[in-house]
Every structure is written in C-alpha cells, then in structure tokens.
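Participant: model this:
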Amino acid sequence: MYKIGIYNETKEEFPFTKLLRKIIQGAMKLENVKQATCNIIIVDDAYIHRLNKEYRHIDRPTDVITFALEDDSTCILPNTIRVLGDIYISLETANRQAVQYQHSLEREVCFLAVHGFYHLLGYDHQTETEEKIMFQKQEEVLDKYGIIR
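Facilitator: A predicted model of the protein is given here:
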C-alpha cells in the first residue's frame with residue numbers, strides 16, 4: 001500500500017497531482033519500497049526560502065527540500081507502514097528552471113519530486129559517484145513514464 005499526499009499550498013493551478021502520485025508509486029515499486037507514505041507539498045519561493053534558511057542555513061529559495069523521517073530511528077514504526085517524510089517543491093522556481101532548461105513544467109516538477117523521493121530514501125549527490133547513482137535512478141523512473149527533456 002502506498003499513500004502519497006500531494007498538497008498545493010500556492011494560489012497557482014497545479015494540474016500534476018495524479019501524474020506525481022503515479023510516478024512516485026512507480027519509484028516505490030522500482031525500489032521495492034512496500035507499505036510507505038510520503039507527502040509532496042507545493043509551495044512558493046517565499047515559503048521554501050524560509051525552510052531553506054531555517055533548516056539548511058542558506059538564505060535563498062531553492063527548488064526542492066526534503067525532510068526524511070527515517071533519518072531518525074525514532075520515526076520508524078515496527079511492522080507497519082514506512083513514513084518516509086515530506087518533499088517541498090517551489091512551483092515558482094520550477095517554472096523558472098523549466099524555462100532555463102528548455103523543457104516543460106511537467107518534466108521539471110516530476111524531476112524534482114523524484115529527486116526528493118530519492119533523498120527520502122537516503123540517496124545524495126555530494127560526490128560524483130553518489131550523483132551518478134542517484135541521477136541514473138531518477139532518469140530510469142522518469143523515462144519509464146515518458147517524462148523526457
């Protein structure tokens with residue numbers, strides 16, 4: 001069982017809810033994650049800026065920020081559903097990046113959601129090797145659903 005909450009906290013229309021749920025469920029299956037839940041929260045630059053400043057001490061907006069609950073073993077519930085955590089995506093930054101990278105907003109939002117999902121699982125991109133592994137996994141998921149550049 002997968003439960004993926006998607007919450008649009010902006011005043012902008014967000015037509016990608018069903019697609020994101022489908023893609024993240026597919027990523028969970030691909031990674032053999034069983035009985036898990038996570039949330040994707042769509043926010044504006046001001047909101048994600050506050051999160052970035054408070055939790056990462058970086059005084060600017062960012063595109064995606066995650067809060068992985070399994071980083072702390074007190075959040076792991078025995079023999080029950082895994083509570084992976086929350087993925088915050090700035091819709092404003094996603095719009096700018098879609099233009100910058102010359103692809104659709106749909107592709108950018110899906111990329112950021114999958115990127116955040118892999119962070120929730122503990123993947124990172126601090127080294128070249130880590131980045132290669134994480135980005136290969138992301139592209140595999142996106143390719144499977146036809147989300148291409």
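Participant: what's Q126 in contact with, if anything?
Facilitator: Neighbouring residues of Q126 by C-beta atoms under 8 Å, 6 or more residues apart in numbering: there are none. Bear in mind the C-beta positions are built from the backbone N, C-alpha and C, glycine included.
Participant: Report pLDDT for it.
Facilitator: On pLDDT, Q126 comes in at 90.
Participant: and it, that one's in a strand?
Facilitator: No - counting by DSSP: H, G, I helix; E, B strand; the rest coil, one finds Q126 to be coil, located in no strand.
Participant: so how far is I133 from it?
Facilitator: As judged by C-beta to C-beta, to the nearest Å, Q126 and I133 stand 12 Å apart.
Participant: how about the helices in the protein?
Facilitator: Secondary structure of the chain, counting by DSSP state H: helices at 17-30, 45-56, 91-100, 105-120, 128-144.
Participant: right, and the ones you listed - which one's nearest G85?
Facilitator: Minimum separation from G85 across the helices of the chain (C-beta to C-beta) falls at helix 105-120, 4.8 Å.
Participant: hmm, back to that, most tightly surrounded among the helices of the chain?
Facilitator: Here the criterion is mean neighbour count by mean count of other C-beta atoms under 10 Å, and of the helices of the chain the winner is helix 105-120, at a mean of 23.
Participant: quick one: that one to helix 91-100, angle?
Facilitator: 120 degrees (axes from the mean of the first three to the mean of the last three C-alpha atoms, to 10 degrees).
Participant: Show the secondary-structure elements that helix 105-120 is packed against.
Facilitator: helix 17-30, strand 36-43, strand 64-68, strand 82-90, helix 91-100, helix 128-144 (3 or more C-beta pairs under 8 Å, 6 or more residues apart in numbering; DSSP states H and E).
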